[in-house]
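Novice: Build the 3D model from these lines:
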Amino acid sequence: MRLRILGTAAGGGVPQWNCGCTGCAAARARPALRRRHACVAVEAGGGRWLLVNATPDVAEQIGAVAELRPEPGSRRSPVAGVALTDAELDHVLGLPLLREAPDLHVLATGAVRHALSGGLRLDAVLAPYANLTWAELGEEEPAVFGALEVRAVRVSGKRPRYAAGLDAPGDAWSMALRVTDGRDGGTVVYAPCLAAWPPALDAALSGAGCVLLDGTFWDDEEPRRSGVGDRTATEMGHLPITATHGPFAELPAARRLYTHLNNTNPLVDPNADGHRALAALGIEVAAEGAVIEL
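Specialist: You can find the predicted model right below:
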């Protein structure tokens, strides 16, 4: 199994356009500290790659990686599909940017598809541009994409705000994805939004060689302390790192990484003490552009 980390930031990225916090100011002064919206690409065989989430940075993310670019003189992209963990805007707004593809294959739960079709009307918007096809992301039977099997694990029923009034099928809104390569058995679990740690997640993590976990906030009070809002991290649908690093450190996975960092998270500073504390537990902070092979 081979995957590339294309982005590691929560909604808004780092720097966020309207934020002057310490992390954003540092990223403006030093472009190397910039973080794009969280996304990974997984090689699916036959020269095809599957994106996990399609962010507002998707064109830039694809262009930054030679393996994901079209060959000279061609308009055929190695990026052949997208698997969605949820319907949050920072994870789906890249879909319209992929409209030039003759075929756009999207894996999503029924609730997520309903939000994109009924709430954002993406089916209707993209239909004149691309042949949009859907595959159901199930919690029992995995979806198949090339050599990959993708199974969804429900970690939250939290809806995006624009979908609050939709009469959607089920409540499979926020999912962790377990992706297994049928050629070698390599398995990665990608969980950028984690409101709880249910038993089903423990089962999904079993046998995974790599786990990328929600690292949006360092501690529960960070959103209120930094002025992001009046809710705690947990109330916003993100277990903080201080609540998950214990069980995370106990996982047998060869690679354990936090991703989806908010601009207020002290870990956006590579010299923050939290990096050393996590490293002592065998946990990494995902780096943009990194390649992971299992």
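
Novice: And the residue sitting furthest away from the middle of the chain, how close does it get to residue 79?
Specialist: No residue in the chain sits farther from the centre than residue 73, which is 31.0 Å out by CA atoms, centre = their mean. Counting by CB to CB, to the nearest Å, the gap from residue 73 to residue 79 is 18 Å. In short, each C-beta sits where N, CA and C put it, glycine included.

Novice: residues in contact with residue 176?
Specialist: Residue 176 makes contact with 85, 152-153, 155, 189-191, 194, 201, 204, according to CB atoms under 8 Å, 6 or more residues apart in numbering.

Novice: The helix or strand harbouring it: what's the following helix or strand?
Specialist: In the assignment (DSSP states H and E), residue 176 maps to strand 174-181. Counting by DSSP H and E, the element after strand 174-181 in chain order, helix or strand, is strand 187-191.

Novice: So which bits of the strand holding residue 176 are buried?
Specialist: Residues 174-181 are the ones in strand 174-181 that count as buried (16 or more other CB atoms under 10 Å).

Novice: tell me the SS of residue 223?
Specialist: The three-state label given to residue 223 by DSSP: H, G, I helix; E, B strand; the rest coil is helix.

Novice: before we move on, what SS does the residue nearest to it when sequence neighbours are not counted have?
Specialist: Excluding the flanking residues, the one nearest residue 223 by CB to CB, 6 or more residues apart in numbering is residue 229, at 5.3 Å. Assigned with three-state DSSP, residue 229 falls in the coil class.

Novice: element containing the residue farthest from the centre of the chain?
Specialist: Applying DSSP H and E, one finds residue 73 in no helix or strand.

Novice: And it, how far from residue 257?
Specialist: From residue 73 to residue 257 the distance is 37 Å (CB to CB).

Novice: Dump the helix or strand hosting residue 113 to CSV, keeping only the CA atoms.
Specialist: In this assignment (DSSP H and E), residue 113 forms part of helix 110-114. Extracted in CSV, the C-alpha atoms of helix 110-114 (Å, rounded to 0.1, in the frame of the first residue of the first chain):
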residue,chain,number,x,y,z
GLY,A,110,-26.3,7.6,1.9
ALA,A,111,-26.6,10.5,4.2
VAL,A,112,-23.5,12.3,2.8
ARG,A,113,-24.7,11.8,-0.8
HIS,A,114,-28.2,13.1,0.1
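
Novice: Quick one: the buried residues of strand 174-181 as JSON lines, columns for distance to residue 57 and pLDDT too.
Specialist: JSON lines is the format used below for the buried residues of strand 174-181 (distance: CB to CB, whole Å; pLDDT from 0 to 100):
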{"residue": "174", "distance to residue 57": "21", "pLDDT": "96"}
{"residue": "175", "distance to residue 57": "21", "pLDDT": "97"}
{"residue": "176", "distance to residue 57": "22", "pLDDT": "98"}
{"residue": "177", "distance to residue 57": "19", "pLDDT": "98"}
{"residue": "178", "distance to residue 57": "25", "pLDDT": "98"}
{"residue": "179", "distance to residue 57": "21", "pLDDT": "98"}
{"residue": "180", "distance to residue 57": "27", "pLDDT": "98"}
{"residue": "181", "distance to residue 57": "25", "pLDDT": "98"}
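
Novice: got JSON lines for those, with distance to residue 44 too?
Specialist: Output for those, formatted as JSON lines (distance: CB to CB, whole Å):
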{"residue": "174", "distance to residue 44": "24"}
{"residue": "175", "distance to residue 44": "19"}
{"residue": "176", "distance to residue 44": "19"}
{"residue": "177", "distance to residue 44": "13"}
{"residue": "178", "distance to residue 44": "15"}
{"residue": "179", "distance to residue 44": "9"}
{"residue": "180", "distance to residue 44": "11"}
{"residue": "181", "distance to residue 44": "8"}
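
Novice: Tell me which of the contacts of residue 176 fall in helices.
Specialist: Secondary structure assignment by DSSP state H places 201, 204 of those in helices.

Novice: quick one: which two of the contacts of residue 176 are the most distant?
Specialist: 152 and 194 (13.7 Å; CB to CB).

Novice: Where do the helices of the chain begin and end?
Specialist: Using DSSP H, the helices of the chain run over residues 22-29, 58-63, 89-92, 110-114, 122-126, 199-205, 222-226, 241-250, 273-279.

Novice: Which stretch among the ones you listed approaches residue 290 most closely?
Specialist: Proximity to residue 290 (CB to CB) singles out helix 58-63 among those, at 13.0 Å.

Novice: Now do that closest one: distance to the chain's middle.
Specialist: 15 Å (CA atoms, centre = their mean, to the nearest Å).

Novice: Show me which positions of that helix end up buried.
Specialist: By 16+ other CB under 10 Å, the buried positions in helix 58-63 come out as 58, 61-62.
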